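Build the 3D model from these lines:
(one chain, ligands or ions: 1)
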Amino acid sequence: MTEKFIKNEQLNFIKKQIAIIREGTKKNVPPNILAAAIDLANLKIKELFPNASLEQQKRLDLSKLKTDKEYELYIQELSNHLLPFPRITEQQLKKMFPKHKKLKLPDLSSIDHSQLTYLSWNDLRSNKKFIIYELDGKMIGIECEFTPTSKKNLCSFCNCFGEVSYFSTVTKAKKANHPDYYRAIGNLICADSKECNKKITSTEYVEAFLKDSQCI
Ligand SMILES: [Zn+2]
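Next up, the predicted model:
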């Protein structure tokens, strides 16, 4: 069996490094600068997998690659080692949002679980966005209100420029003297989570946001 050890956002990170190298090649940057860029990319990838076995390190090493075809094959090979997003059933999703009696569910069978850092879908009728993520080994789900806009801006999750919407969620934090106080957190996030999942290279922001929303 092929060993799965790469997460979606990690492969996106690797692809981004390759895009930087390829751009340098196209722009004919001096060979020593290109070599330094390749070394740096390799180092960053290595840092992303601090517990990688020797075999995994060998797979991840891109220092010998030169042509577009070689980079393409390298990505293809790594794609075989993607760790899929944990399987979740419709029943489990319903349980996460008990307040929604008629919860609109995503079509789980049509979602490629190997290309997911977080699972999310929008309910346009109620202007809600649902986000599912495995935080510290536990699947959690939160819901956000969203204001439909089709503005182009930076997404907080993937840090890329694209079509975003404004999402707000209310934290469960309460101030001792103000039992009615709820703090809302607002974010600009890609309206299309499929696109966001293709671009996200780090879970740092998502995790901080979820922890804040859940007040863990
Ligand atoms: Zn995004």
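
Is the lengthiest strand in the chain positioned near the ion?
When the chain is scanned for its longest strand (criterion: DSSP state E), the result is strand 138-154. No: using CB under 5 Å from the ion, strand 138-154 stays clear of the ion, with a minimum separation of 8.6 Å. To be clear about C-beta, it is placed using only N, CA and C from the backbone, and glycine gets the same treatment.

Quick check: can you name the pairing partners of that strand and their directions?
If you go by DSSP bridges, strand 138-154 pairs up with strand 128-135 (antiparallel), strand 161-170 (antiparallel).

and among the ones you listed, the most buried is which?
Neighbour counts (mean count of other CB atoms under 10 Å) averaged over each of these peak at strand 128-135, with a mean of 20.

re earlier: got CSV for the strands paired with strand 138-154, with mean pLDDT and distance to Ile33 too?
What follows is the strands paired with strand 138-154, written out as CSV (pLDDT from 0 to 100; distance: least, CB to CB, whole Å):
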stretch, mean pLDDT, distance to Ile33
strand 128-135, 95, 38
strand 161-170, 90, 26
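
closest one to the ion among the ones you listed?
The minimum distance between the ion and the strands paired with strand 138-154 falls on strand 161-170, with 6.4 Å, by CB to the ion.

what's Thr25 in contact with, if anything?
Leu34 (CB atoms under 8 Å, 6 or more residues apart in numbering).

actually Glu134, not the one I wrote
Contacts of Glu134 by CB under 8 Å, 6+ apart are 85-86, 140.

picking up where we left off before, what's the offset of the longest strand of the chain from the middle of its chain?
13 Å (CA atoms, centre = their mean, to the nearest Å).

swap in stretch 192-203?
With CA atoms, centre = their mean as the basis, the mean position of stretch 192-203 lies at 4 Å from the chain mean.

Show me what counts as buried in it.
Going by neighbour count (16 or more other CB atoms under 10 Å), the buried part of stretch 192-203 is 193, 196-203.

ok so, going back, tell me which residues in the longest strand of the chain are buried?
Residues of strand 138-154 classed as buried by neighbour count (16+ other CB under 10 Å): 140-144, 146.

what's the answer for stretch 103-111, then?
Within stretch 103-111, judged by 16+ other CB under 10 Å, the buried ones are 103, 106, 111.

Can you pull up the residues of this structure that come close to the ion?
Contact residues, the chain versus the ion (CB under 5 Å from the ion): 155, 157-158, 190, 196.

counting contacts, what elements does the helix or strand containing Lys69 pack onto?
If you go by DSSP states H and E, Lys69 is part of helix 68-79. Where contact means 3 or more CB pairs under 8 Å, 6 or more residues apart in numbering; DSSP states H and E, helix 68-79 is packed against helix 8-26, helix 54-60.

domain parsing for this structure?
Per automatic domain parsing, the structural domains of the chain span 8-79, 90-214.

follow-up on the earlier one: flag whichever of the buried residues of strand 138-154 scores worst on pLDDT.
Among those, Phe146 carries the lowest pLDDT, at 87.
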